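Enquirer: Pasting the sequence and the predicted model now:
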Amino acid sequence: MGRARERRWPAARLRVVVRDSSVAVAAFTYALPWHVLGLHDGGMNLPSGVPAFKLRDAIAEALWDHVKANRLAAVCEYLGLAPQGADEDPYNSKRGYVLARLEDKSLPDLMEIARRVIEEYGDDDLQQLLAQLDLQGVSGELKNLIFAADGPKPQIVLPDSISNTIRIVKNEQHCLVYDQPLDGRGLSWQDLVTWWVRQHPEHSDDPTQARISLRDRLRRSLGDNGAELLVFDTYIKLGFDLPALIPQVYLHYDPYSMSELGGVRHLARQRMDFLLLMNHRTRAVIEIDGIQHYARPAGRAAGQRPDTGWLADTGRYASMVAEDRELTLQGYEVYRIGGQELCDAAAPEMLTAFFERLLRRHDHADPS
């Protein structure tokens, strides 16, 4: 018989501000401490310093405790583990049976298996081990990804605030909304193209044209911004089997206009330049910083030199870095690229090196 354990479910919490438009916004949710890892160059340790074998042991212990021997082989197959061999018998050692199937699993696979075990059995010990991880990755489930905005801000209503169902009632033609569930591996180009074909069945028989059509629609959202187009075009050359670089994302959303708010902003900024949804539920915001991020247009005072059209704005800069801190504390990674960096002839090489390092850090196939 398994050991009796007191089940301690996390407290419900009410989210009432759309600080992250991709997750649930006005619902009571039970949030498991699913703060997942990043893969670092230093070996097979979780970011908290917990060695990977402890995670394997914790998964095996949870299954030993919750699953009878006569069902263990079936449960392991359900979790994506190897089927029972002819000379294997879970009755000999349930722990050993599970550990043998976890030995060659990568860290992303181990984390996904652990999450599924927690969802199925609510194991406290395994849950507490995951809670020791650093805040790498965002714990909320993606619900609505509003992106590729190429015109006026969409007007959104919540027909069902409990399930976070949204409906765009105006300017829908100026944005895209991805509403498919994600697993722990993020959102790939393939995922995005598959969704795009559902929206545009005329491309269903021509995968190449579907990719081109999606690429052109995403590029259109960047307008004539040469810096952002350079970033997008450089990334897309890295290959198709990678996370999608999603442009012009409404990460936050305030339904009111500045005039309705009396000139007072509730959110420092709402739309981000780019978003990557990667392994381990990592979300990386990439911002391209032109001069407008830290300066304001100067008045054309008498005697002013024609080339001095901007003045440093410490308030604008302070608001930007405060918002970066908030995003980081929520689990996002924030990367800023200075506009001046992209004026250099070596900018494509710099961007390629940056993206390759970022993708390797999060255990994506080396694009090089």
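Expert: In hand now; what should we look at? Residues are numbered from 1 along each chain as shown.
Enquirer: can you give me the helices in the stretch 101-250 of the chain?
Expert: For the stretch 101-250 of the chain, the helices defined by DSSP state H, counting those that start in this stretch occupy 107-121, 124-131, 189-199, 207-220, 226-236.
Enquirer: Turn those into JSON lines, columns for distance to Ala284, mean pLDDT and mean neighbour count.
Expert: No exception for glycine: its C-beta is placed from N, CA and C like everyone else's. Shown next, in JSON lines, are the helices of the stretch 101-250 of the chain (distance: least, Cβ to Cβ, whole Å; pLDDT from 0 to 100; neighbours: other Cβ atoms under 10 Å):
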{"stretch": "helix 107-121", "distance to Ala284": "16", "mean pLDDT": "84", "mean neighbour count": "19"}
{"stretch": "helix 124-131", "distance to Ala284": "21", "mean pLDDT": "77", "mean neighbour count": "18"}
{"stretch": "helix 189-199", "distance to Ala284": "16", "mean pLDDT": "94", "mean neighbour count": "17"}
{"stretch": "helix 207-220", "distance to Ala284": "17", "mean pLDDT": "95", "mean neighbour count": "15"}
{"stretch": "helix 226-236", "distance to Ala284": "12", "mean pLDDT": "96", "mean neighbour count": "19"}
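Enquirer: Adding distance to Gln340 as columns, could you present those in a markdown table?
Expert: Shown next, in a markdown table, are these (distance: least, Cβ to Cβ, whole Å):
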| stretch | distance to Gln340 |
| --- | --- |
| helix 107-121 | 36 |
| helix 124-131 | 41 |
| helix 189-199 | 29 |
| helix 207-220 | 23 |
| helix 226-236 | 10 |
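Enquirer: Determine which of those helices approaches Glu61 most closely.
Expert: When the helices of the stretch 101-250 of the chain are compared by Cβ to Cβ, helix 124-131 sits nearest Glu61, at 6.7 Å.
Enquirer: angle of the closest one against helix 107-121?
Expert: Counting by axes from the mean of the first three to the mean of the last three Cα atoms, to 10 degrees, helix 124-131 points 140 degrees away from the direction of helix 107-121.
Enquirer: Packing partners of helix 124-131?
Expert: helix 52-66, helix 107-121 (3 or more Cβ pairs under 8 Å, 6 or more residues apart in numbering; DSSP states H and E).
Enquirer: Strands along the stretch 1-150 of the chain, start to end?
Expert: Applying DSSP state E, counting those that start in this stretch to the stretch 1-150 of the chain gives strands spanning 13-14, 28-29, 145-147.
Enquirer: what does the longest one contact?
Expert: By Cβ atoms under 8 Å, 6 or more residues apart in numbering, the list of residues contacting strand 145-147 from outside reads 21-22, 154, 156, 175-179, 187, 221, 246-250, 253, 275.
Enquirer: thinking again about what came up before, so which of the helices and strands packed on helix 124-131 comes closest to Leu238?
Expert: It's helix 107-121; of the helices and strands packed on helix 124-131, that one is closest to Leu238 (Cβ to Cβ) at 19.6 Å.
Enquirer: by contact count, what packs against that closest one?
Expert: helix 52-66, helix 124-131.
Enquirer: any idea how far the longest one is from the chain center?
Expert: Put plainly, it is helix 52-66. 27 Å (Cα atoms, centre = their mean, to the nearest Å).
Enquirer: Repeat that for stretch 107-126.
Expert: Distance, centroid of stretch 107-126 to centroid of chain: 19 Å (Cα atoms, centre = their mean).
Enquirer: for stretch 171-182, same thing?
Expert: Distance, centroid of stretch 171-182 to centroid of chain: 16 Å (Cα atoms, centre = their mean).
Enquirer: tell me how far the ends of it are from each other?
Expert: From its first residue to its last, stretch 171-182 covers 26 Å (Cα to Cα, to the nearest Å).
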